[in-house]
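1. Just the structure for this:
(one chain, ligands or ions: 1)
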Amino acid sequence: MAEASGRRIVFTGAAGGIGTMIRPLLAPLYPGLVLSDRVRPKDLKPSETFVAADLTKPDEVAAAVKGADSVIHLGGYSVEGPWDTILQANIIGCYNLFEAARQAGVKRVIFASSNHAVGFYPRKRKIGTDVTVRPDSRYGVSKVFGEALGALYSDKHGMIVTCLRIGNVGPRPLDVRRLSIWVSPEDIVQLIGIGLNHPDIRFEILYGVSDNQAAWWDNSRAHALGYRPKGKGEDHRSHAEAEQAKIGPDPVGDVFQGGTFCAAEFTNDVKRAGP
Ligand code: 15L
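-> Numbering: from 1, shown residues only. The predicted model follows:
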């Protein structure tokens with residue numbers, strides 16, 4: 001999809017794990033992309049523009065998104081953490097981002113949600129994006145909060161919001177669980193492109209997943225919007241199984257889609273955690 005000239009796109013979380021992987025792929029597609037994070041990426045190129053912003057500081061977030069047409073919001077804390085860490089980075093930080101975007105007249109936001117918003121669905125179930133959320137962690141709850149904020153700003157202010165429930169981004173699936181949820185950097189960039197450019201979007205939740213035979217998610221809405229993933233988890237099965245053999249069984253994590261995020265701090269009975 002073509003990039004409108006003179007369009008200012010701000011990319012939060014640019015120094016993070018996914019940010020570092022996809023920056024080189026985004027650069028040729030979106031010249032002038034404005035990178036933002038708390039810290040300057042170590043490998044920042046002279047051609048790249050960077051604005052430092054701490055998501056917990058509304059004035060810094062406002063300065064970062066000023067004049068922006070669109071925001072790719074990957075910033076925040078990317079795994080489970082203590083409540084105050086999640087509260088600051090992912091709840092307050094996400095609110096600051098959407099509110100600053102509204103005030104700046106930003107038209108489109110792509111929000112990096114996570115599979116952990118629905119992590120307590122059992123692996124034996126295939127789910128779409130219309131199921132009740134079942135977060136598996138405080139982190140998962142914060143992603144549900146971000147999706148809800150996106151819906152609010154879309155309905156109330158007409159912002160075009162795309163939430164990507166991202167599986168696990170990387171060059172290949174890390175273990176057997178990731179055979180189901182793996183997404184290649186190229187495929188995530190394709191989904192971001194849909195969020196930035198598709199004319200028919202108002203509010204969407206899409207799964208950030210490649211074309212995996214073992215997928216647990218129905219991503220038909222993404223496909224209807226033109227998503228054509230190229231990555232295939234199955235191509236990496238032997239690697240994933242070899243890595244899995246190094247990890248012991250997890251009687252809780254192995255039952256649920258969210259894996260270790262479900263097992264951490266778990267005091268329920270697996271059978272009572274629901275179908
Ligand atoms: C996520 O949401 C995390 O950001 C990432 O670090 C992985 O843990 C991934 O989920 C996963 O579920 O594998």
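
2. use CA for all of it now, contacts and neighbours both
-> Noted.

3. what's the helix or strand for the residue sitting nearest the centre point of the chain?
-> By Cα atoms, centre = their mean, the chain has its centre lying nearest to residue 112, at 2.6 Å. Assigned by DSSP states H and E, residue 112 falls within strand 108-114.

4. Tell me if that strand is near the ligand.
-> Yes: judged by Cα under 6 Å from any ligand atom, strand 108-114 and the ligand are in contact via residue 114.

5. any idea of the angle the helix or strand following that strand forms with strand 108-114?
-> Sequence-wise, the next helix or strand downstream of strand 108-114 (DSSP H and E) is helix 138-157. Angle of helix 138-157 versus strand 108-114, following axes from the mean of the first three to the mean of the last three Cα atoms, to 10 degrees, is 160 degrees.

6. quick one: contacts of helix 138-157?
-> 77-81, 83, 86-87, 90-91, 94-95, 98, 102, 111, 113-119, 133, 135, 159-163, 202-203, 205 (Cα atoms under 8 Å, 6 or more residues apart in numbering).

7. Kindly give a single ChimeraX line that selects the buried subset of these.
-> Burial among these is assessed by 16 or more other Cα atoms under 10 Å; the matching ChimeraX selection reads:
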select :77,78,80,86,87,90,91,94,95,98,102,111,113,114,115,116,117,118,119,133,135,159,160,161,162,163,202,203,205
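
8. Residues of the stretch 1-150 of the chain that sit close to the ligand?
-> Looking at the ligand, the residues of the stretch 1-150 of the chain close enough under Cα under 6 Å from any ligand atom are 78, 79, 114, 116.

9. Residue 132: neighbouring residues, count only.
-> As a burial measure, residue 132 scores 11 neighbours (other Cα atoms under 10 Å).

10. ignore the last one, residue 76
-> For residue 76, using other Cα under 10 Å, the count is 25.

11. what's near enough to touch it?
-> Applying Cα under 8 Å, 6+ apart, the residues contacting residue 76 are 13, 55, 89, 90, 93, 94.

12. I'd like those residues laid out as TSV, including secondary structure and pLDDT.
-> TSV is the format used below for those (DSSP: H, G, I helix; E, B strand; the rest coil; pLDDT from 0 to 100):
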residue	secondary structure	pLDDT
13	coil	98
55	coil	98
89	helix	98
90	helix	98
93	helix	98
94	helix	98
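
13. Can you tell me which of those is closest to residue 212?
-> residue 13 (26.4 Å; Cα to Cα).

14. ok so, going back, and which of the residues of the stretch 1-150 of the chain next to the ligand is nearest residue 218?
-> Residue 218 has its nearest neighbour among these in residue 114, at 15.0 Å by Cα to Cα.

15. quick one, what contacts that closest one?
-> Here residue 114 is in contact with 140, 143, 164, 165, 166, 167 (criterion: Cα under 8 Å, 6+ apart).

16. rerun at 7 Å
-> 143, 164, 165, 166, 167 (Cα atoms under 7 Å, 6 or more residues apart in numbering).

17. for it, which residues make a bridge with it?
-> Beta bridges link residue 114 to residue 166, judged by DSSP bridges.

18. Model confidence score at it, please.
-> On pLDDT, residue 114 comes in at 98.

19. Starting from residue 207, give me the distance back to it.
-> 8 Å (Cα to Cα, to the nearest Å).

20. Can you check which residues contact both of those two?
-> With Cα under 7 Å, 6+ apart as the test, residue 114 and residue 207 both reach 164, 165, 166.
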